[in-house]
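# Got a predicted model here, sequence first, then my questions.
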2 protein chains.
Amino acid sequence: MLTSLSNFADDRFSTLKAAPLGMHRTAQSFSDRRESGAVHGQVLHFAADGEIYGDGDDNASFYKVLSGVVRTCKFRSDGRRQIDAFHLPGEIFGFDAGASHRLSAEAVCDCAVVAYRWRALEAPGEIDDRLAGQFFAYAMQNLQRAQEHSLLLGRRSAVQKVAAFLVELADRAACDHIIDLAMARQDIADYLGLTIETVSRTLSNLEREAVISLPTARRVCVNNAQALRRISS
Amino acid sequence: MLTSLSNFADDRFSTLKAAPLGMHRTAQSFSDRRESGAVHGQVLHFAADGEIYGDGDDNASFYKVLSGVVRTCKFRSDGRRQIDAFHLPGEIFGFDAGASHRLSAEAVCDCAVVAYRWRALEAPGEIDDRLAGQFFAYAMQNLQRAQEHSLLLGRRSAVQKVAAFLVELADRAACDHIIDLAMARQDIADYLGLTIETVSRTLSNLEREAVISLPTARRVCVNNAQALRRISS
DNA sequence: CGTGTAGTTGAGATGCGTCAATAGTTGTGG
DNA sequence: CCACAACTATTGACGCATCTCAACTACACG
């Protein structure tokens, strides 16, 4: 259901105007022609590990990934980091309700994102009506991801988590049997609630069992997708 | 931000009509006067552990809890159960995109819920526009919960999980230092990704440290809220 | 070629799960 | 009101999966 509402998910961003962001990063005006309609936003570039916004920052914009990978995460009092999600090109992030962001967003690798200012949306009341459906679709997508992530973290073994992670990446990426990891082992560990050592060991074990192979540390070849899915159960 | 959109969250349900549900459960027509406007839905009663809908069921309705507590959960192939969320009175659940529900919903204890049929919303195009904002607010609330649950499950010790769970309940419930648990130990365990034994032991330890007391198995008195929050860190 | 960072591997410690026994609670029927 | 059964919760002993600490390797970059 909700398909009728999803009709609103066609692009309404022709009504969006880029607002100056006053940022210290390289920025340029932008009009994304790949969308159905002109999308006006502010393109920003970030180097690897650059902070896009911080936990508690003013919720002025939401973002879309153009290239690279973004992580949204939370830093705990003991210094540990938990990664909420990885965002691939085309995906929306920083889409929070409330006055401030509840997570931090950082560039996993060099990446480009578009920022859409909320303020530009608030002026004429009617626009909100039409945008609400679009926003609803974004919220539901993020909701589904968050729920699946919860299920991933609850009472599963290290192998199950790592296998599920690889399956998730394979499904989202273009090619389903060669996975180029944008993220470091520490990122994977913080996403799965494991340590880097366990992630590394688990990947080595999967390679030993010929389920995957690791030509380089950042490239995973899925040799037996069926087995991988079975393991992630 | 998004406050402008939240203006749509005032009740539009006067436009909603109750549709016959053809259910084997006790049902009666309903009009919730506590809402701003007449809300027409189908009231359903469920006994403890009764199934409200199952994973994969046709996504015909979403629901609001009137009384009692509802759990949304997933059953894994190994028979284990993971609880995605508990829903208290006033909260919305079963709010899925897609043609079918991706989780099961069950009554934790005897409870009453209202079912709102999607079909009743689809007829006149204009209504969708106005409801979209309301739905967006529901989606964002569920999203926030799901994200917090993910953070709860990732690399935290048993004590941290249990303490965080108690804090969450205390915050959501009316009284913040007496918590009446509607759910069994198994439910708590499945929500936190622990075993009943570990949950039980952890509660006992917290009582031993005088942070809480357990007059009965289902009642928790928070003696030291500050300590509890610190532990959940 | 040297240095620094990222990743792998090993050995030992430990927190939580598993299995098992006990205690408490609820409901039913005499 | 008590006796009994059935279920729920607590507690204990032990094993194992994962964490921790540490050494080593591989690779990138000046």
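Cool, got the structure.
# Contacts only, for the most centrally placed residue in chain A.
With distances taken as C-alpha atoms, centre = their mean, chain A has A:His87 as the residue nearest its mean C-alpha position (1.5 Å). Shown in contact with A:His87 (C-beta atoms under 8 Å, 6 or more residues apart in numbering or on different chains): A:65, A:69-72, A:93. Yep, even glycine has a C-beta here, placed from its N, CA and C like the rest.
# Nearest residue to A:Asp176 in space, please, no chain neighbours.
Counting by C-beta to C-beta, 6 or more residues apart in numbering or on different chains, A:Ala170 is the residue found nearest to A:Asp176 once chain neighbours are left out, at 4.6 Å.
# hang on, the one you found in a strand?
No - A:Ala170 is assigned helix when assessed by DSSP: H, G, I helix; E, B strand; the rest coil, not a strand.
# thinking A:Ala210 is in contact with A:Asn224, fair?
Yes - at 6.8 Å, A:Ala210 counts as touching A:Asn224 under the criterion of C-beta atoms under 8 Å.
# Of those two, which one has the most company?
Legend: neighbour count by other C-beta atoms under 10 Å in any protein chain shown for A:Ala210 and A:Asn224, higher for A:Asn224 (15 against 10).
# hey, where'd the helices end up in chain A?
A:3-6, A:119-122, A:125-153, A:158-172, A:185-192, A:196-208, A:225-232 (DSSP state H).
# As a markdown table, these with distance to B:Val43, mean pLDDT and mean neighbour count would be great.
Below are the helices of chain A laid out as a markdown table (distance: least, C-beta to C-beta, whole Å; pLDDT from 0 to 100; neighbours: other C-beta atoms under 10 Å in any protein chain shown):
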| stretch | distance to B:Val43 | mean pLDDT | mean neighbour count |
| --- | --- | --- | --- |
| helix A:3-6 | 25 | 40 | 17 |
| helix A:119-122 | 38 | 70 | 16 |
| helix A:125-153 | 26 | 80 | 21 |
| helix A:158-172 | 39 | 96 | 19 |
| helix A:185-192 | 42 | 98 | 21 |
| helix A:196-208 | 49 | 98 | 16 |
| helix A:225-232 | 40 | 96 | 16 |
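# wait, which of these is closest to B:Gln82?
Among the helices of chain A, helix A:125-153 comes nearest to B:Gln82, with 5.5 Å by C-beta to C-beta.
# and that closest one with helix B:125-153, angle?
30 degrees (axes from the mean of the first three to the mean of the last three C-alpha atoms, to 10 degrees).
# by how many degrees do helix A:125-153 and helix B:185-192 diverge?
Using the same axes, to 10 degrees, helix A:125-153 lies at 110 degrees relative to helix B:185-192.
# How much space separates the nearest residue to A:Ala97 once chain neighbours are set aside from DNA strand D?
With sequence-adjacent residues excluded and distances taken as C-beta to C-beta, 6+ apart, A:Ala97 is closest to B:Met140, at 4.2 Å. According to C-beta to the nearest atom of the strand, to the nearest Å, B:Met140 and DNA strand D sit 31 Å apart.
# my read: B:Met140 touches A:Arg102, true?
No - taking contacts as C-beta under 8 Å, B:Met140 lies outside contact range of A:Arg102: 11.2 Å.
# Report pLDDT for the closest residue to A:Ser213 other than its chain neighbours.
Spatially, and ignoring its direct neighbours in sequence, A:Ser213 is nearest to A:Cys221 (4.7 Å; C-beta to C-beta, 6+ apart). On pLDDT, A:Cys221 comes in at 97.
# sorry, back to before: going through the contacts of A:His87, which ones are buried?
Among the contacts of A:His87, those classed as buried by 16 or more other C-beta atoms under 10 Å in any protein chain shown are A:65, A:69-72, A:93.
# closest to A:Ile196 among those?
Comparing the buried ones among the contacts of A:His87 against A:Ile196 with C-beta to C-beta places A:Arg71 closest, at 15.3 Å.
# quick one, what contacts that closest one?
Residues near A:Arg71 by C-beta under 8 Å, 6+ apart: A:83-87, A:105-106, A:108, A:183, A:187, A:191.
# how close does the residue nearest to A:Ala97 get to B:Leu153?
Going from B:Met140 to B:Leu153 by C-beta to C-beta, to the nearest Å gives 21 Å.
# Ok, A:Pro89 next?
For A:Pro89, the distance to B:Leu153 - C-beta to C-beta - is 28 Å.
# A:Glu148 now?
A:Glu148 sits 12 Å away from B:Leu153, going by C-beta to C-beta.
# Kindly report the same for A:Ala158.
For A:Ala158, the distance to B:Leu153 (C-beta to C-beta) stands at 14 Å.
# what does A:Ile188 give?
Going from A:Ile188 to B:Leu153 by C-beta to C-beta gives 16 Å.
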